[in-house]
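> coords please:
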Amino acid sequence: MVTRMMKYTAIMACLMLTACDVRPLYGSRQDIGGGTSFMEAIDVNTPDTREGQLMRRYMREALGVDRAVQKDFTLQVVPTVSKLTARIDERGLVGRYSVSVACAYTLTRLSDHKQLTMGSARALSSYDVALEDFATTMAERDATERAIAECAQIIRLRLANRDYSKQPNAKAAATPEIAETPVTHQ
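Prediction:
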């Protein structure tokens with residue numbers, strides 16, 4: 001009796017999953033027989049700084065951006081990095097820092113330059129102060145890179161919650177469609 005119930009549950013779960021509207025976050029819709037993924041059609045713009053370069057790299061990885069795909073959207077991301085003291089020892093020396101990364105982002109449709117969404121993402125990463133300055137510098141860079149990668153994932157998840165490619169285009173909405181009505185003679 002238990003095995004029959006388990007089979008029934010497994011069959012019902014499979015049937016329910018086939019009826020849902022699942023769209024891939026990674027890869028392209030071409031892999032499943034569809035067109036280009038919304039996220040592949042996003043062009044990522046960041047400032048020309050080290051942090052901007054890292055953000056651009058992580059956003060392109062997170063979105064699965066394909067350079068060969070025509071870009072329908074642009075995502076402007078501006079990371080701001082700040083260093084905070086996280087721990088001071090009994091001698092008054094800083095023993096740990098935290099790197100805070102705040103990223104302001106704006107998604108714009110290129111066809112009509114309509115701003116579809118905007119927001120900010122924040123991530124925090126810590127590192128220990130080492131005895132050697134080089135080790136501390138490398139630990140700070142690593143913490144900054146981890147926080148930027150986390151911000152990129154937060155932004156990707158926010159964009160994935162809604163498919164902006166399905167929003168009506170302002171130019172298309174402004175142009176009324178002319179419906180042809182057949183003329184009948186009586």
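> give me the element Leu116 is part of.
strand 114-128 (DSSP states H and E).
> likewise for Val101?
Going by DSSP H and E, Val101 is part of strand 94-109.
> next one: Arg67
Per DSSP H and E: nothing holds Arg67, as it lies in no helix or strand.
> low-confidence stretches in this protein?
Applying pLDDT under 70 to the chain flags residues 1-2, 12-36, 163-186.
> where along it do the strands fall?
Shown for the chain, the strands assigned by DSSP state E span residues 42-45, 73-88, 94-109, 114-128.
> TSV for those, including mean neighbour count and distance to Thr9?
Bear in mind the C-beta positions are built from the backbone N, C-alpha and C, glycine included. Converted to TSV, the strands of the chain look like this (neighbours: other CB atoms under 10 Å; distance: least, CB to CB, whole Å):
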stretch	mean neighbour count	distance to Thr9
strand 42-45	20	39
strand 73-88	16	41
strand 94-109	18	40
strand 114-128	15	39
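> make a markdown table out of those and add distance to Arg156.
Output for these, formatted as a markdown table (distance: least, CB to CB, whole Å):
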| stretch | distance to Arg156 |
| --- | --- |
| strand 42-45 | 10 |
| strand 73-88 | 10 |
| strand 94-109 | 10 |
| strand 114-128 | 10 |
